[in-house]
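Visitor: The sequence and its predicted three-dimensional model are supplied below.
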Amino acid sequence: GVPRRHGVYGIQYPFKDEIDEGTRMSQLKANMDRGNHKSALKEDEHQHVTKPMRTDVENGYAVPITAEGVRRLKDAEVYPVGLQDQNTIDEPRLRHAIVQP
């Protein structure tokens with residue numbers, strides 16, 4: 001299992017180098033301008049993007065925020081969402097796709 005201290009204090013990720021503020025702001029702007037990957041923008045995939053996010057908000061794991069709010073957050077970083085199709089076989093051996101954000 002996960003050590004209790006991780007649930008209380010979070011996990012520290014050791015990075016070799018920190019990015020400077022100018023680089024961070026440049027990357028933030030570029031990622032926000034670019035938006036999500038094409039795979040996440042398809043109409044038939046919309047549910048696979050919104051459902052997990054809605055669930056996280058409803059469970060209190062995430063807070064929706066405007067784009068302007070993100071730009072004003074100290075040390076904010078944004079990464080685009082993309083989807084990867086995966087195939088699986090269920091018990092009757094029927095093939096179907098699983099889409100994961």
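Guide: Arrived safely, thanks for sending. Numbers count the residues shown, from 1 in each chain.
Visitor: Show me the helices in the protein, by range?
Guide: For the chain, helices defined by DSSP state H occupy the ranges 4-9, 21-34, 38-41, 46-58, 67-72.
Visitor: ok, and which of these has the densest surroundings?
Guide: helix 38-41 (a mean of 15; mean count of other C-beta atoms under 10 Å). Placement of C-beta: from N, CA and C, glycine included.
Visitor: And the helices of the chain: which comes nearest Gln84?
Guide: Nearest to Gln84, of all those, is helix 38-41, at 7.4 Å by C-beta to C-beta.
Visitor: Just the mean pLDDT for the closest one, thanks.
Guide: Here helix 38-41 scores 82 as its mean pLDDT.
Visitor: quick one on the thing from earlier: same list (the helices of the chain) but as JSON lines, adding distance to Gly82.
Guide: Shown next, in JSON lines, are these (distance: least, C-beta to C-beta, whole Å):
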{"stretch": "helix 4-9", "distance to Gly82": "27"}
{"stretch": "helix 21-34", "distance to Gly82": "11"}
{"stretch": "helix 38-41", "distance to Gly82": "5"}
{"stretch": "helix 46-58", "distance to Gly82": "10"}
{"stretch": "helix 67-72", "distance to Gly82": "19"}
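Visitor: Lowest average pLDDT across the ones you listed?
Guide: Of all the helices of the chain, the segment with the smallest mean pLDDT is helix 4-9, scoring a mean of 59.
Visitor: thinking again about what came up before, list just the one of the helices of the chain that sits closest to Tyr79.
Guide: helix 21-34 (6.4 Å).
Visitor: check contacts around Leu41.
Guide: Counting by C-beta atoms under 8 Å, 6 or more residues apart in numbering, Leu41 makes contact with Gly35.
Visitor: Which residue, other than its chain neighbours, is closest to Val49?
Guide: Of all residues beyond its chain neighbours, the one nearest Val49 is Ala40 (5.1 Å), with distances taken as C-beta to C-beta, 6 or more residues apart in numbering.
Visitor: hang on, that neighbour packs against Pro80?
Guide: Yes: if you go by C-beta atoms under 8 Å, Ala40 and Pro80 touch, sitting 7.5 Å apart.
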